[in-house]
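>>> Quick one, fold the following:
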Amino acid sequence: MSVLEDNLAALHALRPQLAFLVEKEEGTSAAEVLPTRSGHVTLRVPLPDGRRVTLHSTYDPVAEAKREAEKVELAETGVYLVLGLGLGYHVEALLERVDQQSDVVIVEESPALFRAACAARDLRPLLSDERVQIFIRVAPSEIYRQFRRAQLFLMTTGFKYLVLPRLTAPAPDYYQAVRAQCADFAISGEAAVRTIFLISRHSVENELGNLPIYVGGELFAELRERCAGRPGIVISAGPSLRGNMHDLVRAKGRAVTIACDVILKPLLAAGIEPDLVGMVDFQGHTGKFFAGLPRSLRTRLVATASAYHRTVSDYPGPVTFCRDPTMERLLAPFETGRTGAALGNNVGHFSFAVACQLGLNPIALVGQDLGYPANVTHLPGTPIHEEWQVERNRFLTLEMRELEELWRKRAKLMSVEDIHGREIFTDKTMYHYLRDLESTIDSTKGLKVFDATEGGSCIRGTELTTLREFLDDCPEAAAGPDAAGADRLDRERLAEAAKVLAKRMLDLLDMKAICENKDRLHVRIERALEEGRPFENHVRRLTELERRAEELGEIWTVISNTIPQDLMQAINTQRRTMVAGLEGEEETREKLKRDKAFVKAVIEGIGWLEPRLREARKRLDRAAEGAE
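Prediction:
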């Protein structure tokens with residue numbers, strides 16, 4: 001077999017998609033294979049300016065690779081990002097240095113160059129290593145999305161770079177774009193992980209509080225049937241909205257309008273009743289945005305199941321929830337009939353995701369500034385301005401209060417390009433929202449997205465227009481979608497879900513007993529270690545308890561959502577222990593220390609969850625009987 005065939009066989013075994021990519025690559029690489037003085041080979045490739053460069057040393061590429069790999073600062077565990085594969089010498093040297101629990105991500109721009117490398121030398125040790133992930137000509141934005149999927153791990157372990165200028169020289173713009181995406185992820189990932197840790201228990205409490213409406217209310221699929229195929233407008237509360245809010249009056253009957261919660265009252269005051277209003281707030285701040293709404297309101301609230309349950313229950317109009325993975329797992333095998341898992345890190349992003357899930361096309365974004373044009377942070381008339389009114393006097397105008405707000409945010413401010421190509425201020429949180437929104441837009445297929453904000457940050461992937469022009473192109477229908485309608489709870493579904501939740505309560509008690517037994521066994525093993533007595537029977541009992549715990553996966557999903565920091569800490573501690581290569585009694589002590597801390601956290605999480613799960617079951621029973 002040839003070197004290429006050997007490498008293809010290794011690819012087919014572990015990475016069949018990459019093998020297919022190599023096999024179908026028809027382009028002839030301009031790379032020349034050259035011998036080196038050490039007996040290895042190197043590659044010479046053309047650059048964009050016509051010059052040619054060798055990707056590795058012409059003397060000893062292996063020794064060069066080891067020197068470069070030694071410059072990389074090693075973490076206890078983590079991810080190492082390598083830009084440019086070349087012939088893989090530097091990757092092999094890096095793999096020799098890093099531990100078995102670390103991952104190496106390779107990004108290579110050229111499929112032809114990858115095929116040439118596979119034909120030039122034996123890469124099987126690299127291609128067969130499960131620690132390695134290889135991306136060949138993947139859009140830089142896809143790298144961002146891949147990192148976001150693993151953000152908890154990446155942000156708690158961190159990642160390091162191995163970048164050799166000669167390897168990135170053939171496609172400098174591409175690799176620079178990849179690095180920019182990684183830098184953006186560092187900003188977004190930090191904000192996202194901080195939010196996950198902050199809202200975890202709030203989310204579970206709200207999900208359980210919203211359970212009766214989630215189970216028995218109108219399904220998202222039913223709402224989609226009334227909306228799919230129509231144009232949509234997502235209305236956010238950015239300062240630019242004051243310039244085109246009046247045009248939204250024309251949207252009735254032309255497009256499905258989805259407003260963010262903060263802008264609902266100002267819209268109603270202007271005579272504009274949106275079809276839908278989005279909500280993701282988990283703390284209850286939205287309550288002031290909805291205070292005093294008319295009882296006859298027809299605008300349908302579309303919310304995440306983790307939205308603050310008291311605000312949801314007080315909302316005077318109809319309510320629909322998007323699909324929630326945690327609740328679906330909690331209620332399995334009961335089918336809630338929920339589809340449309342709209343996700344978003346803020347209410348504007350969530351509302352856009354709802355528009356996508358409803359099948360609206362095209363979609364216009366209005367008031368989506370994601371920045372501070374003209375150094376203004378809020379649209380006049382929003383609740384924050386109402387709060388500031390009490391502070392106003394002749395020495396402190398609203399304009400001065402806006403500047404004060406920016407001054408307070410100064411440590412987090414950064415500049416971005418606006419729709420006119422000028423620099424405006426934004427902050428790290430909104431930049432995180434901007435990048436995630438762009439990533440969502442980029443991942444949609446066949447969807448036309450217009451930026452009709454007429455101000456604010458430039459949103460990549462959108463086409464600039466004005467709201468008036470967008471509405472001119474929307475055909476006028478006889479009537480808009482019926483967002484309201486009867487909103488009675490389905491008692492049959494509620495009764496079925498109540499039975500499942502009763503079973504889940506028993507699972508929770510079983511998990512509690514398992515953890516308490518594990519805690520007692522940890523104490524016995526600890527004493528046995530101190531006294532030099534055998535403890536193998538205790539370890540076997542622990543193994544049996546862990547097997548039983550694995551069978552309770554549905555309730556574990558909910559428990560783990562109450563202790564995300566403890567869970568990540570336990571995972572990272574386990575990785576560090578494996579890296580340390582401990583054996584025998586020393587390994588047992590380290591594992592015991594980790595497991596004791598984690599089991600205590602799980603028991604505490606169960607203690608927090610148990611009364612809330614009991615109350616959720618009672619509410620389902622009352623709702624099934626028509627008492628709630």
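
>>> Break down the stretch 101-250 of the chain into its helices, ranges please.
Along the stretch 101-250 of the chain, counting by DSSP state H, counting those that start in this stretch, helices occupy 111-120, 124-127, 140-149, 151-157, 165-168, 172-209, 211-216, 220-227.

>>> Same question for the last one: list its buried residues.
Neighbour-count burial for helix 220-227, with 16 or more other CB atoms under 10 Å as criterion, is recorded at Phe220, Leu223, Arg224, Cys227. The way it works is simple: take the backbone N, C-alpha and C, and place the C-beta from them, glycine included.

>>> Extract the CA atoms of that helix and return them as CSV.
Taking C-alpha atoms only, helix 220-227 is exported to CSV below (Å, rounded to 0.1, in the frame of the first residue of the first chain):
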residue,chain,number,x,y,z
PHE,A,220,-45.6,25.8,19.8
ALA,A,221,-46.3,23.7,16.7
GLU,A,222,-49.9,25.0,16.6
LEU,A,223,-48.7,28.6,16.7
ARG,A,224,-46.3,27.8,13.8
GLU,A,225,-49.1,26.5,11.7
ARG,A,226,-50.7,30.0,11.9
CYS,A,227,-47.5,31.9,11.2
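
>>> hang on, the earlier thing: just say which of the helices of the stretch 101-250 of the chain is most tucked in.
Of all the helices of the stretch 101-250 of the chain, helix 211-216 has the most neighbours on average by mean count of other CB atoms under 10 Å, namely a mean of 25.

>>> pLDDT of that one, averaged?
On average, the pLDDT along helix 211-216 is 92.

>>> which residues sit in contact with the residue nearest to Gly84 when sequence neighbours are not counted?
Excluding the flanking residues, the one nearest Gly84 by CB to CB, 6 or more residues apart in numbering is Leu167, at 2.9 Å. Neighbouring residues of Leu167 by CB atoms under 8 Å, 6 or more residues apart in numbering: Leu55, Leu83, Gly84, Leu85, Gly86, His90.

>>> Name the nearest residue to the fifth one, sequence neighbours excluded.
Pointing back at Gly86 there. Closest to Gly86 by CB to CB, 6+ apart is Leu55, at 4.1 Å.

>>> before we move on, what about the last one?
With CB to CB, 6+ apart as the criterion, His90 has its nearest non-adjacent residue at 4.2 Å, and that residue is Ala65.

>>> Restricting to C-alpha, output the helix or strand that neighbour falls within in PDB.
Here Ala65 sits within helix 61-70, counting by DSSP states H and E. Extracted in PDB, the C-alpha atoms of helix 61-70 (Å, rounded to 0.1, in the frame of the first residue of the first chain):
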ATOM      1  CA  PRO A  61      11.900  19.400  10.600                       C
ATOM      2  CA  VAL A  62      11.400  17.100  13.600                       C
ATOM      3  CA  ALA A  63      13.900  19.000  15.800                       C
ATOM      4  CA  GLU A  64      12.400  22.300  14.700                       C
ATOM      5  CA  ALA A  65       8.900  21.000  15.600                       C
ATOM      6  CA  LYS A  66      10.100  20.000  19.100                       C
ATOM      7  CA  ARG A  67      11.600  23.400  19.700                       C
ATOM      8  CA  GLU A  68       8.300  25.100  18.700                       C
ATOM      9  CA  ALA A  69       6.100  22.800  20.700                       C
ATOM     10  CA  GLU A  70       8.200  23.400  23.800                       C
END
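
>>> any weak-confidence spans in the stretch 151-300 of the chain?
151-153, 155-158, 188-195 (pLDDT under 70).

>>> if you set the cut-off to 90 instead, what comes out?
Residues of the stretch 151-300 of the chain meeting the criterion pLDDT under 90: 151-164, 179-202, 217-226, 237-246, 252-253, 281-289, 291-292, 295-296.

>>> Do you have the helices of the stretch 351-500 of the chain handy? List them.
383-389, 398-408, 428-443, 467-472, 491-531.

>>> which residues touch Pro274?
Residues near Pro274 by CB under 8 Å, 6+ apart: Ile235, Thr257, Ile258, Ala259, Leu264, Leu267, Thr299.

>>> which residue packs closest to Gly216, ignoring adjacent ones?
Closest to Gly216 by CB to CB, 6+ apart is Leu489, at 3.3 Å.

>>> returning to that earlier point: mind putting the helices of the stretch 101-250 of the chain in JSON lines, distance to Ser313 included?
JSON lines is the format used below for the helices of the stretch 101-250 of the chain (distance: least, CB to CB, whole Å):
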{"stretch": "helix 111-120", "distance to Ser313": "55"}
{"stretch": "helix 124-127", "distance to Ser313": "56"}
{"stretch": "helix 140-149", "distance to Ser313": "32"}
{"stretch": "helix 151-157", "distance to Ser313": "31"}
{"stretch": "helix 165-168", "distance to Ser313": "55"}
{"stretch": "helix 172-209", "distance to Ser313": "8"}
{"stretch": "helix 211-216", "distance to Ser313": "8"}
{"stretch": "helix 220-227", "distance to Ser313": "19"}
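
>>> give me the number of residues near Glu550?
9 (other CB atoms under 10 Å).

>>> Distance of it relative to Ile272?
53 Å (CB to CB, to the nearest Å).

>>> pLDDT wise, what is Gly461 at?
Model confidence at Gly461, given as pLDDT, is 92.

>>> Now the phi/psi pair for it, please.
Gly461 adopts backbone torsions of phi 100, psi 0, taken as degrees, to the nearest 10.

>>> pretty sure it is touching Leu447, no?
No - contact criterion CB atoms under 8 Å: Gly461 and Leu447 do not qualify, at 9.7 Å.

>>> Can you pull the residues that touch both of these two?
Contact criterion CB under 8 Å, 6+ apart; residues shared by Gly461 and Leu447: Ile441.

>>> before we move on, back to that, tell me which of the contacts of Pro274 fall in strands.
Judged by DSSP state E, strands contain the following of the contacts of Pro274: Ile235, Thr257, Ile258, Ala259.

>>> Let me know the closest of those residues to Val602.
Ile258 (39.4 Å; CB to CB).

>>> For the closest one, grab the count of nearby residues.
A count of nearby residues for Ile258, using other CB under 10 Å, gives 29.

>>> That one and Gln368, how far apart?
According to CB to CB, Ile258 stands 12 Å off from Gln368.

>>> what do the two both touch?
Val234.

>>> Show me where the stretch 251-400 of the chain has its strands.
Per DSSP state E, counting those that start in this stretch, the stretch 251-400 of the chain carries strands over the ranges 256-260, 276-279, 300-303, 319-321, 363-366.

>>> In a markdown table, list those strands along with distance to Glu625.
Converted to a markdown table, the strands of the stretch 251-400 of the chain look like this (distance: least, CB to CB, whole Å):
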| stretch | distance to Glu625 |
| --- | --- |
| strand 256-260 | 34 |
| strand 276-279 | 28 |
| strand 300-303 | 25 |
| strand 319-321 | 20 |
| strand 363-366 | 42 |
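
>>> so which of those comes closest to Phe350?
strand 276-279 (5.3 Å).

>>> Can you name every helix or strand that the closest one contacts?
The contact analysis (3 or more CB pairs under 8 Å, 6 or more residues apart in numbering; DSSP states H and E) places strand 276-279 against strand 256-260, strand 300-303, helix 347-357.

>>> Could you point out which of the ones you listed sits nearest Thr466?
strand 256-260 (16.4 Å).

>>> Adjacent strands (with direction) for that closest one?
strand 232-235 (parallel), strand 276-279 (parallel) (DSSP bridges).

>>> most neighbours per residue, which of these?
strand 232-235 (a mean of 30).

>>> So what touches it?
241, 248, 251, 255-260, 263, 267, 274, 348, 351-352, 355, 358, 360-368, 452, 467, 470.

>>> try stretch 10-23
Outside stretch 10-23, the residues within contact range by CB under 8 Å, 6+ apart are 7-8, 111, 114-115, 118, 123-124, 127-128, 130, 134, 136.

>>> Report the mean confidence score over it.
88.

>>> would you put the C-alpha positions of it in PDB?
Below are the C-alpha coordinates for stretch 10-23, written out as PDB (Å, rounded to 0.1, in the frame of the first residue of the first chain):
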ATOM      1  CA  ALA A  10      -6.600   5.400   9.300                       C
ATOM      2  CA  LEU A  11      -8.900   8.200   8.400                       C
ATOM      3  CA  HIS A  12     -11.700   5.800   7.500                       C
ATOM      4  CA  ALA A  13     -11.400   4.100  10.800                       C
ATOM      5  CA  LEU A  14     -11.800   7.200  12.900                       C
ATOM      6  CA  ARG A  15     -12.700  10.100  10.700                       C
ATOM      7  CA  PRO A  16     -14.600   8.800   7.600                       C
ATOM      8  CA  GLN A  17     -15.800  12.300   6.600                       C
ATOM      9  CA  LEU A  18     -12.200  13.500   6.300                       C
ATOM     10  CA  ALA A  19     -11.300  10.400   4.300                       C
ATOM     11  CA  PHE A  20     -14.100  11.200   1.900                       C
ATOM     12  CA  LEU A  21     -12.800  14.800   1.700                       C
ATOM     13  CA  VAL A  22      -9.400  13.600   0.700                       C
ATOM     14  CA  GLU A  23     -10.700  11.000  -1.800                       C
END
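
>>> Cool, thanks, talk later.
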